[in-house]
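**Student:** For reference, the sequence and a predicted model appear below.
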Amino acid sequence: MKAENINPFLEAVSETFENMLGCSVITGEPSVDNETDTQNTPDIIGLIGLSGTAQGIVAIRFPVRTALRVVGTMIGVDFKAVDSSIIDGVGELVNIIAGSAKTKLEGHKIALSLPSVVRGSLYRLNNLNNAVWLSLPFVCDMGEFSLMISFKPTVVPKKEAVNACANSR
């Protein structure tokens with residue numbers, strides 16, 4: 001994965017947390033893997049697909065405690081347990097981050113899928129075509145979380161890419 005395709009996601013996380021949550025983030029050491037496993041931690045993961053001149057998935061993974069704090073700060077409520085507001089908030093957060101990164105990706109026409117949210121401790125995220133995941137850990141005042149990216153530029157005729165993204169989100 002090239003830095004010019006990953007940096008927009010780093011910038012989007014930083015800007016989103018600073019602007020929406022009033023919280024600076026510190027980026028940890030990235031790691032690369034063929035799949036991502038939870039190691040039996042009860043996480044909440046927001047996922048969104050990318051299509052167009054690049055294919056992939058963007059996922060933001062929160063431990064439950066961090067998700068409660070982040071979404072609570074977003075909407076001004078002190079959450080004690082996961083409910084539909086937390087699930088919706090994590091989905092919206094991945095949507096905001098992916099949408100912001102999409103506007104910063106130069107040379108790509110990208111369409112975003114609708115976000116999905118996975119909750120629990122028994123899951124494994126596998127990519128089609130054995131693409132690798134880049135995992136970017138973050139820490140902020142609200143806790144730790146990570147952004148996982150699978151990003152693969154594709155060879156798509158320009159006309160097809162424009163049509164694919166014409167009605168995208």
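**Tutor:** Perfect, thanks for sending it. Numbering: from 1, shown residues only.

**Student:** what helix or strand does the one residue sitting closest to the centre of the chain sit in?
**Tutor:** Residue closest to the average C-alpha location in the chain (Cα atoms, centre = their mean): residue 59, at 3.4 Å. Under the criterion of DSSP states H and E, residue 59 resides in strand 54-63.

**Student:** Give me the contacts around that strand.
**Tutor:** Strand 54-63 is contacted from outside by 5, 9, 13, 36, 41-50, 70, 90, 93-94, 97-98, 101, 105, 108, 110, 125, 127, 131, 143-154, using Cβ atoms under 8 Å, 6 or more residues apart in numbering. Quick note: C-beta positions are derived from backbone N, CA and C, even for glycine.

**Student:** Same question for stretch 90-98.
**Tutor:** With Cβ under 8 Å, 6+ apart, stretch 90-98 has contacts from 9, 12-13, 16, 20, 44-48, 50, 58-60, 62, 67, 70-71, 74, 112, 115-117, 147.

**Student:** thinking again about what came up before, moving along the chain from the strand holding residue 59, name the first helix or strand you hit.
**Tutor:** Immediately after strand 54-63, counting by DSSP H and E, sits helix 64-75.

**Student:** ok, then the element right after that following helix?
**Tutor:** helix 84-104.

**Student:** Just the buried subset of the contacts of strand 54-63, please.
**Tutor:** Among these, those scoring as buried are 5, 9, 13, 36, 43-50, 70, 90, 93-94, 97-98, 101, 105, 108, 110, 125, 127, 131, 143, 145-151 (criterion: 16 or more other Cβ atoms under 10 Å).

**Student:** Could you list which of those residues belong to strands?
**Tutor:** If you go by DSSP state E, those have 36, 43-50, 110, 125, 143, 145-151 in strands.

**Student:** shaky segments in this structure?
**Tutor:** Scanning the chain with the threshold set as pLDDT under 70 gives 1, 34-42, 121-131, 155-169.

**Student:** Number of residues surrounding residue 10?
**Tutor:** The local packing of residue 10 (other Cβ atoms under 10 Å) involves 19 other residues.

**Student:** cool, and residue 95?
**Tutor:** Quick note: residue 95 (other Cβ under 10 Å) scores 19 neighbours.

**Student:** I appreciate the help and will end here.
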